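K.L.:
Quick one, what's the 3D model for this:
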Amino acid sequence: MSFVRIWIHSVRSTKNRKPYLQNEIRQQVFDHIIKNAKQKDILIEIVGGYVDHIHILFRLTNDQTPSKVIQLIKGESSYWINKHGIMTDKFEWQREYFAVSVSEDEVSRIKQYIRNQSDHHRSKPYKEIYDDFIKKYRFEIKG
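P.N.:
Down below sits the predicted model:
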């Protein structure tokens, strides 16, 4: 038997950072993502975010890759939102996303960070947080 315990923190924006995820819609989408993930054996610890983006902390199983899990969540949630007419406009996620590994001893801190997204974004705009992520994790921007 293989034992795998790899945590991933992913962040994805709505297309063009449109504020689609307002109030009760946001929670409805998060609840659906969690429910659907369980059906697909995706081990989500927490989902959170703000009006224009989503954070997900999940754990990989021995046959999953970060990109496959993130793609499944993106594709299915977009389909579900549009199929059920949750929003008046056509909903889309941005193509690109962030994903970083999280050490076991950082899981609690990351969960708290995700849980407090609404408070966090009242004091700091998304663009500033985006730039901080790029710097902190040394992502290279091409183009």
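
K.L.:
Name the residues that touch the lowest-mean-pLDDT helix or strand in the chain?
P.N.:
None of the helices or strands of the chain scores lower by mean pLDDT, DSSP states H and E than helix 117-123, at a mean of 79. Helix 117-123 has contacts (CB atoms under 8 Å, 6 or more residues apart in numbering) with G48, G49, Y50, H55, Y113, I129. (Each C-beta comes from the backbone N, C-alpha and C, glycine too.)

K.L.:
Take these and write them to TSV, including distance to K74.
P.N.:
Converted to TSV, those look like this (distance: CB to CB, whole Å):
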residue	distance to K74
G48	16
G49	13
Y50	17
H55	14
Y113	21
I129	20
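
K.L.:
Of all pairs in the residues you listed, which one is the farthest apart?
P.N.:
Comparing all pairs in the contacts of helix 117-123 by CB to CB, the longest separation belongs to G48 and I129, at 13.2 Å.

K.L.:
So for these two, which residue has more residues nearby?
P.N.:
A direct count of neighbours by other CB atoms under 10 Å for G48 and I129 places G48 higher, at 20 against 16.

K.L.:
Show me where the chain has its strands.
P.N.:
Under the criterion DSSP state E, the chain contains strands at 6-14, 43-50, 53-60, 93-102.

K.L.:
what pLDDT, on average, does the second one get?
P.N.:
It refers to strand 43-50. What strand 43-50 shows for mean pLDDT is 96.

K.L.:
And the last one, by the same measure?
P.N.:
Over the span of strand 93-102, the pLDDT mean works out to 95.

K.L.:
May I see the buried residues of it?
P.N.:
W93, Y97, F98, A99, V102 (16 or more other CB atoms under 10 Å).
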